[in-house]
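Colleague: model the following, please.
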Amino acid sequence: MEKKFRITVEGKPYVVTVEDITTDAQNIYQDTAAASLSAAPAPIAAAPVAAVPSPSAAGPGDEVAPLGGVVQTVHVSVGQVINEGDKLVSLEAMKMVTHVIARRGGQVISIAVKAGDPVDAGQVLLTVG
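Modeller: Below you'll find the model as predicted:
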């Protein structure tokens, strides 16, 4: 008999199909539960999860990555004057390209990434002054 379960691993949901290959499934489940109660292993401490920087933690002139991925192209250079809506950086994630667009105009003060760099969501890509 097959059953479908929805499980979550590191925040990502998966649907899995499990096939019961025992002839007497009821006894197997009861025996497993009894064994786990009598010989319960010591709890394992969970590994600390690194906090993902949020865009609100960035400064007012910082442009941040909207998602994790790899920098494909940086379309601006330090000192360049940009306008709101200009394309700043192209990120590739899961074979899709996402363009980071300027939220405001100004001059590019610094660039924190280059083509080929991996980035996390919320990571500062560049600063506009």
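
Colleague: show me where the chain has its strands.
Modeller: Per DSSP state E, the chain carries strands over the ranges 2-9, 12-19, 62-64, 69-74, 81-82, 87-93, 96-101, 106-111, 118-119, 124-128.

Colleague: could you dump those strands to a markdown table with mean neighbour count and mean pLDDT?
Modeller: C-beta: built from backbone N, CA, C; applies to glycine. Listed next are the strands of the chain as a markdown table, based on neighbours: other CB atoms under 10 Å; pLDDT from 0 to 100:
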| stretch | mean neighbour count | mean pLDDT |
| --- | --- | --- |
| strand 2-9 | 8 | 83 |
| strand 12-19 | 8 | 82 |
| strand 62-64 | 21 | 92 |
| strand 69-74 | 17 | 95 |
| strand 81-82 | 15 | 95 |
| strand 87-93 | 18 | 94 |
| strand 96-101 | 14 | 93 |
| strand 106-111 | 16 | 94 |
| strand 118-119 | 17 | 94 |
| strand 124-128 | 22 | 93 |
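
Colleague: give me the number of residues near the nearest residue to Asp20 once chain neighbours are set aside?
Modeller: For Asp20, ignoring the flanking residues on the chain, the nearest one in space by CB to CB, 6 or more residues apart in numbering is Met1 at 5.0 Å. Around Met1 sit 8 other residues, with neighbours defined as other CB atoms under 10 Å.

Colleague: distance of Met1 relative to Pro66?
Modeller: Met1 sits 44 Å away from Pro66, going by CB to CB, to the nearest Å.

Colleague: with Val108 instead?
Modeller: Going from Val108 to Pro66 by CB to CB gives 18 Å.

Colleague: repeat that for Ile101.
Modeller: Following CB to CB, the distance that separates Ile101 from Pro66 is 10 Å.

Colleague: with Ile82 instead?
Modeller: Using CB to CB, one gets 17 Å for the distance from Ile82 to Pro66.

Colleague: could you do Val128 as well?
Modeller: Taken as CB to CB, the spacing of Val128 relative to Pro66 amounts to 16 Å.

Colleague: domain assignment for this protein?
Modeller: When the chain is parsed into structural domains using automatic domain parsing, the resulting residue ranges are 2-38, 59-128.
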